[in-house]
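**Q** Kindly return the folded structure for what I paste below:
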Amino acid sequence: MSVNNMFVNCLNTINTIYDFISTKKPGMYLRFGDGDFNLAENKNELLATANPEIAELMLRAMSIRDERILICIPHHCNQINTLEYGMYPGNHEYTIDYIVRFINILKSKSQILPNMIYTNVALSYCSVHFPDTVINIHKEIKKHNVIYIGNYLYTDIFLQKLFGNNITRINTNSNNAFNQKTVVFNELNKLILEKFNNFDYYIIVIAAGCASRAFSSLIYDTYFVNNPNFFLFDYGSLLDYLYGLNTRAYMDLMPPKKDYILDNI
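**A** Residues are numbered from 1 along each chain as shown. Model (predicted):
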């Protein structure tokens, strides 16, 4: 594979997100993983049932070619020199065959690849090896007004601890969150029109499983293109671990520095 010079490592991915938020630059950080690629091919995922609409939105999100949109896929592989310290099979390492599949789906709709391809595991990896960068991201987010779209499970106190007191939440179910699309976008549209469009810059934190990427596709087309005054942060499974839930293999294999992060944000 000749595209390894496009791949951005975990630390640089986090630093790029930090630069966006700290300078109030509009953008989106979109994390595509195995489940998203399955749904894009109209195959069921563990916590999401496939359907043509979510498949089309997933492909649409993957096909966005905008330098403000950070497209991320699993790309850590020894054969293309993208493996990082501490990664191994079952812990963020993929074979070249998997990565070729991801790349082919990524460009199936647009026929071209992004100029840079970021990593989808940056936050979880840095929470182990570079926890201060994770702390700094949260400190920057907490300076802004935040819309949280995601799992209803987390308490208000927990979300305020991570993202600040100026947070407004739109809850989704733990699985098949895409089924709540109409409710989510009715609430989001009301919030943006009545409140958040009055801010020069705000953050959307999204944590709704694979539905996050389908929702993000709609958010890009509906809000970002016409009025790019926010950064959308696709958070990922680290949210579970910080809350005290063990939901991914890496959490046992390479435990994030939970207490240090929570004590310092």
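
**Q** contacts for the helix or strand of the chain with the lowest mean pLDDT?
**A** In the chain, no helix or strand scores lower on mean pLDDT, DSSP states H and E than helix 250-253, which sits at a mean of 84. Around helix 250-253, the neighbours that count as contacts under Cβ atoms under 8 Å, 6 or more residues apart in numbering are 90, 91, 92, 121, 124, 237, 240, 241, 246. All C-beta atoms are positioned from the backbone trio N, CA, C, and that covers glycine.

**Q** just those residues now: which is nearest residue 261?
**A** Taking Cβ to Cβ as the measure, residue 261 lies nearest residue 241 of the contacts of helix 250-253, at 9.6 Å.

**Q** can you give me the helices for the stretch 51-200 of the chain?
**A** For the stretch 51-200 of the chain, the helices defined by DSSP state H, counting those that start in this stretch cover 52-62, 96-106, 122-129, 131-141, 156-163, 181-194.

**Q** what separates the third one from the chain centre, distance-wise?
**A** Which is helix 122-129. The chain centroid and the centroid of helix 122-129 are separated by 13 Å under Cα atoms, centre = their mean, to the nearest Å.

**Q** what's that helix in contact with?
**A** Contact with helix 122-129 is made by 10-11, 13-14, 17, 72, 84-87, 92, 119, 133-134, 137, 235-238, 241, 248, 250, 254-258, 261, as judged by Cβ under 8 Å, 6+ apart.

**Q** if you set the cut-off to 6 Å instead, what comes out?
**A** For helix 122-129, the surrounding residues in contact (Cβ atoms under 6 Å, 6 or more residues apart in numbering) are 10, 13, 14, 133, 134, 236, 238, 250, 254, 256.

**Q** Export the residues you listed as a markdown table, with columns for distance to residue 205 and neighbour count.
**A** Listed next are the contacts of helix 122-129 as a markdown table, based on distance: Cβ to Cβ, whole Å; neighbours: other Cβ atoms under 10 Å:
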| residue | distance to residue 205 | neighbour count |
| --- | --- | --- |
| 10 | 19 | 26 |
| 13 | 17 | 26 |
| 14 | 15 | 24 |
| 133 | 17 | 19 |
| 134 | 14 | 26 |
| 236 | 11 | 22 |
| 238 | 12 | 25 |
| 250 | 21 | 21 |
| 254 | 23 | 17 |
| 256 | 18 | 22 |
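
**Q** from those, which has minimum pLDDT?
**A** Minimum pLDDT across the contacts of helix 122-129 is recorded for residue 250, with 83.

**Q** Now render the contacts of helix 122-129 as TSV, adding distance to residue 229.
**A** Putting those into TSV (distance: Cβ to Cβ, whole Å) gives the following:
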residue	distance to residue 229
10	28
13	23
14	23
133	25
134	25
236	24
238	26
250	34
254	36
256	31
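
**Q** how close does the closest residue to residue 110 other than its chain neighbours get to residue 107?
**A** Distances taken as Cβ to Cβ, 6 or more residues apart in numbering place residue 63 nearest to residue 110, at 3.9 Å, with adjacent residues excluded. Going from residue 63 to residue 107 by Cβ to Cβ, to the nearest Å gives 8 Å.

**Q** what does residue 70 give?
**A** With distances taken as Cβ to Cβ, residue 70 is found 16 Å from residue 107.

**Q** cool, residue 155 as well?
**A** 41 Å.
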